[in-house]
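J.: Sequence first, then the predicted structure:
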Amino acid sequence: MSQSQNNYIVDSSSSELTTLSAAELARRIHGGEVSSREVTQAHLDRIADTDDVLHSFLHVGAEAALSAADSVDEALARGEQPASPLAGVPLALKDVFTTTDAPTTAASKILEGYMSPYDATVTKKLREAGIPILGKTNLDEFAMGSSTENSAYGPTHNPYDVERTAGGSGGGSAAALASGQAPLAIGTDTGGSIRQPAALTNTVGVKPTYGTVSRYGLIACASSLDQGGPCARSVLDTALLHSVIAGHDPFDATSVDESVAPIAPVIEAAKEGAEGDLRGLKVGVVRQFDREGYQPGVLDAFHQAVAQLTAQGAEVIEVDCPHFDDALAAYYLILPCEVSSNLARFDGMRYGCRVGDDGRHSAEQVMSLSRAEGFGPEVKRRIILGTYALSVGYYDAYYLQAQRVRTLIARDFARAFEQVDVLVSPTTPTTAFKLGEKVSDPLEMYNFDLCTLPLNLAGLCGMSVPSGLAADTGLPTGLQIMAPAFQDDRLYRVGAAFEVGRQ
Ligand code: GLN
């Protein structure tokens with residue numbers, strides 16, 4: 001069955017400039033064939049044409065984007081070298097990174113209209129690289145969710161079928177890429193929020209190794225799991241953006257002081273040289289993620305992807321990661337615990353919405369009223385869960401136990417990586433579901449991130465790369481590639497070869 005009746009957004013492109021890769025746009029801008037202003041304007045036009053339907057953006061900053069583009073054009077006209085390989089190519093930023101020139105809301109009512117006094121490190125790096133920021137993209141409130149339906153400002157729609165979700169929490173960034181509203185985007189991945197929306201929208205998303213992309217100015221969901229990362233429509237574009245945003249940051253106490261592996265040359269070699277030759281590579285198929293219960297079209301696409309990797313020379317073996325079955329339970333204890341502590345700062349005193357400040361209520365009542373009004377139901381659910389799990393008498397039974405499971409999951413990965421270079425799985429158990437389909441059942445929603453959660457618990461790196469449309473629904477599927485910590489370059493080598501092999 002084809003979904004083409006709802007597919008018009010992907011098919012209709014307003015300008016060639018909104019269909020090109022970021023690498024190609026950069027080549028044309030740096031070569032003087034087109035200006036950054038023209039490219040940026042074309043994407044702003046595309047947003048104006050399509051965002052009424054898609055709702056990828058919570059805020060569009062046309063003026064700021066065009067002025068950043070002009071700065072790039074002027075520097076190039078003066079004969080200066082481009083500030084980065086992506087200078088002049090515009091980007092969509094998930095609205096969970098602070099920006100001084102646009103509101104930062106994390107899709108929550110509690111931060112409605114909030115203007116940050118400082119730029120996140122990721123924002124700063126984008127500006128220094130000459131990347132115009134088109135606007136801030138939609139997400140589930142505080143990045144908690146799998147469909148953007150927890151956004152206080154309404155959901156994002158999937159450009160492949162506008163009645164369906166573009167995934168979550170980073171559905172806005174993914175929809176922006178898939179519809180040609182932006183050639184580059186930034187997401188964050190706490191349990192899958194970069195990879196899962198990528199899989200549902202035929203785009204590429206990477207969750208870098210924990211500690212390699214600064215969290216300074218990234219509004220925290222669960223600090224031990226959150227990681228910003230690059231999103232684009234090709235593996236090369238993702239790699240180029242990864243190199244821009246990664247690196248040590250003294251402002252982030254968990255930032256790792258290790259140099260970032262040179263990613264872009266790996267891709268160039270994979271593309272130009274061996275044409276996707278994967279001889280010598282050992283790929284592990286995780287038995288726990290290749291099972292009945294997944295949508296048949298998703299499993300078929302996955303098996304075809306594995307067959308393709310084999311045809312390209314990789315040696316494929318099945319590996320067992322038994323504790324992955326407990327990842328969901330562990331994640332949904334650890335995350336709420338961290339959430340309950342991180343979100344304590346939103347008390348109506350310093351940021352955003354304040355309710356009941358009329359002289360008749362005590363400070364404590366104002367805090368309580370502000371939080372009752374400002375947070376949505378899913379955020380409240382997790383704050384309550386986390387507070388309960390951390391309370392006296394339950395801490396050992398819940399939080400500590402979940403941390404033990406986390407260690408076992410990390411050990412499963414370590415054992416698997418003794419046998420193989422990368423692991424693969426479907427990124428999601430099904431293709432994009434209908435908006436409204438899972439909202440009344442939080443557990444159903446949580447289950448959707450089954451394949452992506454273990455990686456965050458272990459702090460490793462992973463990618464979702466398009467693996468074709470599922471035969472049964474006609475909607476995009478993604479291949480998840482997972483690699484050990486600090487081996488992010490492996491994701492790109494395998495992802496680029498897989499992408500070349502599919503052409
Ligand atoms: N869907 C998962 C959750 O709700 C993951 C979210 C994320 O990665 N930010 O927590």
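T.: That came in fine, so what should we check first? Numbers count the residues shown, from 1 in each chain.
J.: Please point out which parts of stretch 462-479 sit buried.
T.: By neighbour count on 16 or more other CB atoms under 10 Å, the buried set for stretch 462-479 is 462-470, 473-479. Yep, even glycine has a C-beta here, placed from its N, CA and C like the rest.
J.: farthest pair in those?
T.: Of all pairs drawn from the buried residues of stretch 462-479, the one with the longest distance (CB to CB) is G462 and G474, at 25.8 Å.
J.: who in the stretch 201-350 of the chain is up against the ligand?
T.: Within the stretch 201-350 of the chain, the positions adjacent to the ligand are 221, 335 by CB under 6 Å from any ligand atom.
J.: can you give me the strands for the stretch 201-350 of the chain?
T.: Under the criterion DSSP state E, counting those that start in this stretch, strands of the stretch 201-350 of the chain are mapped to 204-207, 228-232, 282-286, 315-319.
J.: L281 contacts A483, correct?
T.: No: counting by CB atoms under 8 Å, L281 stays clear of A483, with 11.2 Å between them.
J.: Now the common contact residues for the two.
T.: By the contact definition CB atoms under 8 Å, 6 or more residues apart in numbering, L281 and A483 are jointly contacted by 421-422, 494.
J.: Which of the residues you listed fall within strands?
T.: V422 (DSSP state E).
J.: Check the shared contacts of L281 and A483 one by one and keep those near the ligand.
T.: Within these, nothing lies near the ligand by CB under 6 Å from any ligand atom.
J.: ok, and the most crowded of the shared contacts of L281 and A483?
T.: Neighbour tally across these (other CB atoms under 10 Å): the maximum, 28 neighbours, falls on V494.
J.: quick one: that residue from the ligand, how far?
T.: Separation of V494 from the ligand (CB to the nearest ligand atom, to the nearest Å) stands at 22 Å.
J.: got it, and L66?
T.: Distance of L66 to the ligand, computed by CB to the nearest ligand atom: 31 Å.
J.: Measure how buried that residue is and give me the count.
T.: Neighbour count of L66, defined by other CB under 10 Å: 18.
J.: any idea which element it lies in?
T.: helix 62-77 (DSSP states H and E).
J.: picking up where we left off before, counting neighbours, go ahead and name the busier of L281 and A483.
T.: Using other CB under 10 Å, the more surrounded residue of L281 and A483 is A483, with 25 against 19.
J.: which residues touch the residue lying closest to the more buried one once chain neighbours are set aside?
T.: Leaving aside its sequence neighbours, A483 sits nearest to R490 (CB to CB, 6 or more residues apart in numbering; 4.2 Å). For R490, the contacting residues are 421-422, 483-484, by CB under 8 Å, 6+ apart.
J.: Kindly report the residues of the stretch 51-200 of the chain close to the ligand.
T.: Applying CB under 6 Å from any ligand atom, we find that the stretch 51-200 of the chain lies next to the ligand at 143-146, 169, 189-193.
J.: which residues in the stretch 101-250 of the chain form helices?
T.: Counting by DSSP state H, counting those that start in this stretch, the stretch 101-250 of the chain has helices at residues 121-128, 171-178, 195-200, 235-245.
J.: The residue nearest the centre of the chain: what's it in contact with?
T.: Geometric centre of the chain, nearest residue: I194, 2.0 Å, by CA atoms, centre = their mean. Counting by CB under 8 Å, 6+ apart, I194 touches 170, 187-188, 205-207, 229, 231, 464.
J.: hmm, which two among those are most spread apart?
T.: T188 and S464, at 14.3 Å, using CB to CB across the contacts of I194.
J.: mind listing what the closest residue to D277 other than its chain neighbours touches?
T.: Closest residue in space to D277, ignoring its immediate chain neighbours: G313 at 5.6 Å, by CB to CB, 6+ apart. Applying CB under 8 Å, 6+ apart, we find G313 in contact with 277-281.
J.: Could you tell me which ones among the buried residues of stretch 462-479 also sit near the ligand?
T.: Answer for the buried residues of stretch 462-479 near the ligand: none qualify (CB under 6 Å from any ligand atom).
J.: circling back: the residue nearest to A483 - that's part of a helix, no?
T.: Yes: per DSSP: H, G, I helix; E, B strand; the rest coil, R490 lies within a helix segment.
J.: So which residues of the stretch 401-503 of the chain form strands?
T.: Taking DSSP E, counting those that start in this stretch, the strands of the stretch 401-503 of the chain run over residues 422-426, 461-469, 476-483.
J.: can you tell which of those strands is closest to T254?
T.: strand 461-469 (15.1 Å).
J.: What helices and strands are in contact with that closest one?
T.: Under the contact criterion of 3 or more CB pairs under 8 Å, 6 or more residues apart in numbering; DSSP states H and E, strand 461-469 touches helix 195-200, strand 204-207, helix 235-245, helix 296-311, strand 476-483, helix 488-502.
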